[in-house]
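Colleague: the sequence and its predicted three-dimensional model are supplied below.
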Amino acid sequence: MKRLLASALLLASLPAITSISAQPQKKDEIAKLTLKVGDPAPDFTLLSDEWKTVKLSDYRGKQNVLLAVYVLAFTGG
Amino acid sequence: MDSPAANAAFAKQINIKFPLLSDMNHKMLSSYGILKNYEKGGDSYQWAMRANIVIDKDGIIRHIETGDSAVDPNTAAAVCLDLHKKQAGK
């Protein structure tokens, strides 16, 4: 994809065993996307693979953004 | 979630040309409602749903896909292309 068209941001994620088991936790809680088309995208600041800070709002007025959240991305699935 | 170091190795392995981000504290995933929690055997687990989200230049969400349909990014890429064409035509 051409850089001018959109900046693609990929969030690669692994399942994480958390240390929050002592906290109240709903069993089998199904994630519900809290956002819908037309909503403002919440800003975020994350570290890239090049250890650079990437802030969503830095793209405001400059480029569209394709945000891809991939679980177990390294499997190629 | 993957660390920047793990992402760097993965990005190098498959020659990624765009930022590969880490959400180590799950803050972004939680704010977008993408994080799934469940318990098994007394342990708590968290998984992120697969999701493709297109955000326009004004910071407005223009497309959302989750689950199995988000495995293929082509639909989201097509939305981006259409968005770009409309913006270029202004």
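Modeller: Perfect, thanks for sending it.
Colleague: so where is chain A shaky, pLDDT-wise?
Modeller: Along chain A, the model assigns pLDDT under 70 to residues A:1-33, A:72-77.
Colleague: so how far is chain A from B:L81?
Modeller: 6 Å (Cβ to the nearest Cβ, to the nearest Å). Backbone N, C-alpha and C define where each C-beta goes, glycine included.
Colleague: doesn't B:K36 make contact with B:W47?
Modeller: Yes. Proximity of B:W47 to B:K36 meets the contact threshold set by Cβ atoms under 8 Å, at 4.8 Å.
Colleague: do a quick rundown of the strands in chain B.
Modeller: Assigned strands in chain B, in chain order: B:20-22, B:35-40, B:43-48, B:51-55, B:61-66 (criterion: DSSP state E).
Colleague: show me what contacts A:V37?
Modeller: A:V37 sits next to B:I61, B:R62, B:H63, B:I64 when contact means Cβ atoms under 8 Å, 6 or more residues apart in numbering or on different chains.
Colleague: turn the residues you listed into CSV, including pLDDT.
Modeller: Formatted as CSV, the contacts of A:V37 follow (pLDDT from 0 to 100):
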residue, pLDDT
B:I61, 95
B:R62, 95
B:H63, 94
B:I64, 93
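Colleague: nearest to B:P73, of those residues?
Modeller: For those, the residue nearest B:P73 by Cβ to Cβ is B:H63; the value is 10.9 Å.
Colleague: what count of nearby residues applies to the closest one?
Modeller: Around B:H63 there are 18 other residues, counting by other Cβ atoms under 10 Å in any protein chain shown.
Colleague: please list all residues in contact with it.
Modeller: Contact partners of B:H63, counting by Cβ under 8 Å, 6+ apart, are A:V37, B:N52, B:I53, B:V54, B:T75, B:A76, B:V79.
Colleague: mind checking how far the nearest residue to it once chain neighbours are set aside is from A:V37?
Modeller: With Cβ to Cβ, 6 or more residues apart in numbering or on different chains as the criterion, B:H63 has its nearest non-adjacent residue at 3.8 Å, and that residue is B:V54. Distance of B:V54 to A:V37, computed by Cβ to Cβ, to the nearest Å: 9 Å.
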